[in-house]
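1. here are the coordinates; sequence isn't available:
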């Protein structure tokens, strides 16, 4: 009976295999040594401190678009508010267009393989490599203070330092102006996050304009000046401010931009403003400019110009789009009791795909994101179709997918459009509102946004084919060779596999946190708390990590360490399962059971062959060798056995007798953390009667030994199969070691001839009668 009581007590605690853990192996070491020390600006709870501050920058910008030679000329008046406690002798300004200078660091540091040059190359690729033909980059004119005096400045690649006449004191502001111009890039040839697209058929241009003006760098408590050079991958760090932007374009152009239009009656037809008013109360998209009107406008070339004036408050950036080719539709979205206009501009080349999905995808994004974060605070959200595949700015984004020229499209193209609109509109929340430092940490906006994109896509339709978010979809990346893996906590310009590292892995990690580690209720509250704390502020990674723990009372240091600071994969294995049952002591039961087991045992090879190879045993020749033990059957039930059992049973109390009769099974599972990334252990038991049960064990089971543990599981029913991670929720990279007894993993081997892969356009095949 002592043995029974011991077994029953073991189940209360994990049964650990002994092993030595050193400091580097302990995945539960707290992150204190990695995170910055909290202070009055940023608290240990993850919230802004009582002395938190940030700068403010207001812009008054005037730009003029030259549609004949694709260039832009501009001037801006800047008001810089020094809300810091520091004395500032100079200001740093971003000159992002300098990335397109022929001698930029971006081009000089590009690498190539033998497959890139010296072999076949199309003309477009050749022109992209031969960049000396394009005169790119900002051409800075005058830089003057408010009194008209020239300011000293120096350009350092994609940054410009403006030296102030005297240091700017705390709580003071400085006013100055900059004149500039630059040649707009052909986005299809030179890539980038903005530029123009030329339509050869109707000889028109479509402009998507961003990083078009010199912009102030961020100065904050965490990094000082964020003036790390722009190499192309690490995006932007920007201050909030108010904008008044006047955009002069050909009179027949239509312009969309950050903010609200201040002079609609001067630049729009009355029929457009009437339709826009109707759309402001419609829950479905209404055409403001029809395709027929847009096609008619394509045929003309206005020689006059109009100036569209926009105003935006409390935004970190400004972007715009312009063309005479645009079709325009719009609808109203109710967000937190307020009206928001969801609107799309697209050329005829975007239809019918764009008129069906773009504006609806905007509305859907605003509704879902507002539920998981904060209510969308701006009056408008635009989606523009043009040359840029996908890029985000406050209240406006650029999205690329289009149908075939016959109007048909593949399922891949359809979901690519819906997905990219959700993603880019979602960027209004990360980083346009929760204003993280993209130049340093891509994952803080792309990862969090991709996670919310996944949630939003799943509410679009059942079984929406999301590319990122599901743990099983990150397995190929997590299985990669370590030489091509970086921690998520890697600077934006140094990431090897940009998409998987900065988008997919953090999005998947957050999904695992929500579904498997924390649970939806705790996660959703904590995530929303982080957004509310840091809306319109500059959060750092530690602020996110600490906020998630502070609002949930869940210690997640092991999770951040493994998923964000490490590159080890999840691979948990069941090495062995041992079964223990209670020995009742009843000879009628136990000896019968043992006899049955022995009878079922197969004869060894020697035993089988001895039956025919040994003609006669010695004791058969010499019967005098036979004694008591020769004939003794240890499994024969005797009266002595029965009496001993009765004596033992009579001494037990009722609880002990019930334990004997319980008939429970004790399974000890030997688990190994093969991959190195500690995770919760999810065990599915399939019983002999066909029923199933899932046990969820927190990751803390690994807290003493990160490599190997044993866990006892008690069941009344016999287990037929143990399976780990049955719902593929932990991104376990090796399923073959997830089963006991071992189970064959079925996979299909497809034989194919190497060919150019292309997703089939089933709509086109249907129209042609081939489907």
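-> Received, thanks. Everything numeric here is computed off the predicted structure, so don't read it as measured data.
2. drop to CA atoms for contacts and neighbour counts, all remaining ones
-> OK.
3. For the stretch 101-250 of the chain, which segments count as strands?
-> Using DSSP state E, counting those that start in this stretch, the strands of the stretch 101-250 of the chain run over residues 139-145, 153-156, 159-168, 173-183, 195-199, 204-209, 215-216, 219-220, 224-225, 241-250.
4. can you redo those strands as TSV with distance to residue 571 and mean pLDDT?
-> TSV is the format used below for the strands of the stretch 101-250 of the chain (distance: least, CA to CA, whole Å; pLDDT from 0 to 100):
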stretch	distance to residue 571	mean pLDDT
strand 139-145	54	97
strand 153-156	47	98
strand 159-168	45	98
strand 173-183	52	98
strand 195-199	45	98
strand 204-209	45	98
strand 215-216	46	98
strand 219-220	41	98
strand 224-225	41	98
strand 241-250	48	98
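5. Of all the ones you listed, which one is nearest residue 508?
-> Residue 508 lies closest to strand 219-220 among those, at 30.2 Å (CA to CA).
6. Adjacent strands (with direction) for that closest one?
-> Strand 219-220 has the following strand partners under DSSP bridges: strand 224-225 (antiparallel).
7. residue boundaries of the strands in the stretch 501-650 of the chain?
-> Listed from the start of the chain, the stretch 501-650 of the chain has strands (DSSP E, counting those that start in this stretch) covering 572-581.
8. quick one: low-confidence ranges for it?
-> Under the criterion pLDDT under 70, no range of the stretch 501-650 of the chain is flagged.
9. What of the chain?
-> Under the criterion pLDDT under 70, the flagged ranges of the chain are 1-25, 113-132, 747-759.
10. returning to what we had before: for the strands of the stretch 101-250 of the chain, state which one has the densest average packing.
-> strand 215-216 (a mean of 24; mean count of other CA atoms under 10 Å).
11. Now find how far off-centre that strand is within its chain.
-> Relative to the centre of its chain, strand 215-216 is centred 28 Å away, using CA atoms, centre = their mean, to the nearest Å.
12. now the strands of the stretch 101-250 of the chain in JSON lines, with distance to residue 738?
-> Putting the strands of the stretch 101-250 of the chain into JSON lines (distance: least, CA to CA, whole Å) gives the following:
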{"stretch": "strand 139-145", "distance to residue 738": "62"}
{"stretch": "strand 153-156", "distance to residue 738": "55"}
{"stretch": "strand 159-168", "distance to residue 738": "53"}
{"stretch": "strand 173-183", "distance to residue 738": "58"}
{"stretch": "strand 195-199", "distance to residue 738": "51"}
{"stretch": "strand 204-209", "distance to residue 738": "51"}
{"stretch": "strand 215-216", "distance to residue 738": "53"}
{"stretch": "strand 219-220", "distance to residue 738": "48"}
{"stretch": "strand 224-225", "distance to residue 738": "49"}
{"stretch": "strand 241-250", "distance to residue 738": "54"}
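13. what's the closest of these to residue 411?
-> Among the strands of the stretch 101-250 of the chain, strand 195-199 comes nearest to residue 411, with 25.1 Å by CA to CA.
14. got the contact list for the residue positioned nearest the centre of the chain?
-> Of all residues in the chain, the one closest to the mean position by CA atoms, centre = their mean is residue 507, 2.5 Å from it. Neighbouring residues of residue 507 by CA atoms under 8 Å, 6 or more residues apart in numbering: 447, 448, 449, 450, 451, 468, 469.
15. How much space separates it from residue 444?
-> Here residue 507 is placed at a distance of 10 Å from residue 444 (CA to CA, to the nearest Å).
16. try residue 307
-> 37 Å.
17. More neighbours: those two, which one.
-> Neighbour count, other CA atoms under 10 Å: between residue 307 and residue 444, residue 444 has more, with 25 against 19.
18. What sits closest to the more buried one if chain neighbours are left out?
-> Closest residue to residue 444 apart from its sequence neighbours, by CA to CA, 6 or more residues apart in numbering: residue 436 at 6.4 Å.
19. Residues in contact with the longest helix along the chain: which ones?
-> The residue-count maximum for a helix in the chain (DSSP state H) belongs to helix 353-372. Identification of contacts with helix 353-372 by CA under 8 Å, 6+ apart yields 284-285, 329-331, 333-335, 342-344, 346, 375-376, 381-383, 402-403, 407, 409, 414, 417-418, 421-422, 425-426, 429, 452, 456, 460, 524, 527-528.
20. try it again with 7 Å
-> With CA atoms under 7 Å, 6 or more residues apart in numbering as the test, helix 353-372 has contacts from 285, 330, 333, 335, 342-344, 376, 383, 402-403, 418, 421-422, 425-426, 452, 456, 524, 528.
21. Weed out the non-buried ones from the residues you listed.
-> Listed as buried from those are 285, 330, 333, 335, 342-344, 376, 383, 402-403, 418, 421-422, 425-426, 452, 456, 524, 528; burial here means 16 or more other CA atoms under 10 Å.
22. Among these, which are located in helices?
-> Per DSSP H, the buried ones among the contacts of helix 353-372 map to helices at 418, 421, 422, 425, 426, 452, 456, 524, 528.
23. ok, now how distant is the third one from residue 633?
-> Right, the one you point to is residue 422. 77 Å.
24. cool, the last one as well?
-> Plainly put, residue 528 is 72 Å away from residue 633 if you go by CA to CA.
25. circling back to that earlier point, going by neighbour count, which residues in the longest helix of the chain are buried?
-> Buried-residue list, helix 353-372, by 16+ other CA under 10 Å: 353-355, 357-370, 372.
26. how many neighbours does the residue lying closest to residue 563 once chain neighbours are set aside have?
-> Of all residues not flanking residue 563 in the chain, residue 509 sits nearest, at 6.9 Å (CA to CA, 6+ apart). Look at residue 509: counted by other CA under 10 Å, it has 25 neighbours.
27. now do residue 660
-> 19.
28. same thing with residue 400?
-> 19.
29. just residue 334 next, same as before
-> Neighbours around residue 334, by other CA under 10 Å: 16.
30. for it, which residues make a bridge with it?
-> Counting by DSSP bridges, the residues bridging with residue 334 are residue 339.
31. Would you agree it is in contact with residue 340?
-> Yes. Counting by CA atoms under 7 Å, residue 334 does reach residue 340; the two are 6.3 Å apart.
32. Name the nearest residue to residue 508, ignoring sequence neighbours.
-> Using CA to CA, 6+ apart and skipping the chain neighbours, the partner closest in space to residue 508 is residue 469 (4.5 Å).
33. Settle this for me: the one you found is touching residue 511, isn't it.
-> Yes. With contact defined as CA under 7 Å, residue 469 counts as touching residue 511 (6.4 Å).
34. Mind listing the shared neighbours of these two?
-> Residues within reach of residue 469 and of residue 511 at once, by CA under 7 Å, 6+ apart, are residue 451.
35. Show the contacting residues for the closest residue to residue 400 other than its chain neighbours.
-> Of all residues beyond its chain neighbours, the one nearest residue 400 is residue 389 (4.0 Å), with distances taken as CA to CA, 6+ apart. Taking CA under 7 Å, 6+ apart as the criterion, residue 389 is in contact with 398, 399, 400, 401.
36. can you check residue 135 too?
-> So residue 135 contacts 101, 183 (CA under 7 Å, 6+ apart).
37. rerun that using 8 Å as the cut-off
-> 101, 102, 183.
38. what about the closest residue to residue 679 other than its chain neighbours, how many neighbours?
-> Spatial nearest neighbour of residue 679, excluding adjacent residues (CA to CA, 6+ apart): residue 699 at 4.8 Å. Residue 699 has 18 neighbours, counted by other CA under 10 Å.
39. Many thanks, we can stop here.
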